[in-house]
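1. what follows is a predicted protein model with its sequence.
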Amino acid sequence: MAALPLPPVPEPYHLPFHYGALHNIGVDYLVAPGPCHDLLAKRHPGLAVALFDGMACVSLNYQLYFAQYPGGGGITQEVEINVIAHPQFAEDRLPELNYGQYARGYDQTKLLGIARMHVLCDNPLAIDAGRRLYAEPKRPGWFEAVMPSLNAPSVREHWSVSCRRASLGPDGMSRHDGELFAIEADLVGLTPEAVINTPITGYGTDEEGRLLAGPLNVHQSYRFYALDDRSAERVRLSLGDRPDRSADAGVTQQAGETGGTGEAVDDLGRLVGTAPAAGVWTYQSPPVAAHHRPYYVR
């Protein structure tokens, strides 16, 4: 079998892409596999749903990150709706894992990865890069988020993310009223574990139907919160407005991609339903400098 060429890196992009800072919360749900199988067959036919004691895993992944460029810097927010999956040919190469073992990084084959169903993002450049480099089904959205911060010590391990509708046009991104969905996680008082579960393999399917994989390395450990029936109530997912499909008119679609942000709401409801959260994982870049309190000279 001939070796495969590397996917192209179109101008003006360069890889690897370096994050200057990353703030990240993920919420995992163990769900019935049927809807995941159906959606994966439509979006990523080269992948199979990973099963953990017979259950599929749907993962929501919110990121706030900073990147520095030659001419300045940029801040991006995005959220992924993912199904944990693996290449169809690789099932006999994977260890048998339960969800807790997967979340703690036991799979070192890294064949288990995130099959991106929808990605919503507030940065037009990041949307273009995600589509062209990694075949992400990436669309515009904007966010209101509250997260722990050393600059507001009263906000302690309480995260909330509201994803809202946006559109791209000749003049850039336009924000619209209407919440698509929201995640709230009150982790105060819960004890996290330090876990190393990266690199995280992200799967995409390009316009020619080719499956590609791109790893994300995070250079420190995550904080993982294993949830039980009682603590699962600390995490709430709410679905909001389903926007008119006409709002997505004129947006270039990836192979296998249909609908738009409205379909993201539909799919999220179909995949997760009323399932309780099984686990939460967070990461926040440590500060690199601090500007201290002033003092009187005289």
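-> Yes, it's here. Numbering: from 1, shown residues only.
2. need the next SSE after the helix-or-strand element of the chain with minimal mean pLDDT, C-terminal direction.
-> The weakest-scoring helix or strand in the chain, judged by mean pLDDT, DSSP states H and E, is helix 261-272 (a mean of 92). Sequence-wise, the next helix or strand downstream of helix 261-272 (DSSP states H and E) is strand 277-284.
3. that following strand packs against which elements?
-> Other helices and strands packing on strand 277-284, by 3 or more C-beta pairs under 8 Å, 6 or more residues apart in numbering; DSSP states H and E, are strand 21-31, helix 99-103, strand 222-226, strand 235-239. In short, each C-beta sits where N, CA and C put it, glycine included.
4. how does it look with 7 Å?
-> strand 21-31, helix 99-103, strand 222-226 (3 or more C-beta pairs under 7 Å, 6 or more residues apart in numbering; DSSP states H and E).
5. now Asp171: phi and psi?
-> For Asp171, the backbone dihedrals (degrees, to the nearest 10) come out as phi -100, psi 10.
6. what is the neighbour count of it?
-> A count of nearby residues for Asp171, using other C-beta atoms under 10 Å, gives 6.
7. quick check, pLDDT for it.
-> Note on Asp171: pLDDT of 88.
8. relative to Phe52, how far out is His118?
-> 22 Å (C-beta to C-beta, to the nearest Å).
9. the more surrounded of the two?
-> Neighbour tally, His118 and Phe52, criterion other C-beta under 10 Å: the higher count belongs to His118, 24 against 21.
10. what's the closest non-adjacent residue to the more buried one?
-> Excluding its sequence neighbours, the residue lying closest to His118 (C-beta to C-beta, 6 or more residues apart in numbering) is Ala264, at 3.9 Å.
11. kindly report the same for Val31.
-> Distances taken as C-beta to C-beta, 6+ apart place Ala275 nearest to Val31, at 4.8 Å, with adjacent residues excluded.
12. try Pro199
-> Counting by C-beta to C-beta, 6+ apart, Pro199 lies nearest to Pro215, which is 3.8 Å off, once chain neighbours are set aside.
13. turn the helices and strands packed on strand 277-284 into TSV, columns for mean neighbour count, mean pLDDT and distance to Tyr62.
-> Compiled in TSV, these are given as follows (neighbours: other C-beta atoms under 10 Å; pLDDT from 0 to 100; distance: least, C-beta to C-beta, whole Å):
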stretch	mean neighbour count	mean pLDDT	distance to Tyr62
strand 21-31	21	98	5
helix 99-103	18	97	17
strand 222-226	21	97	14
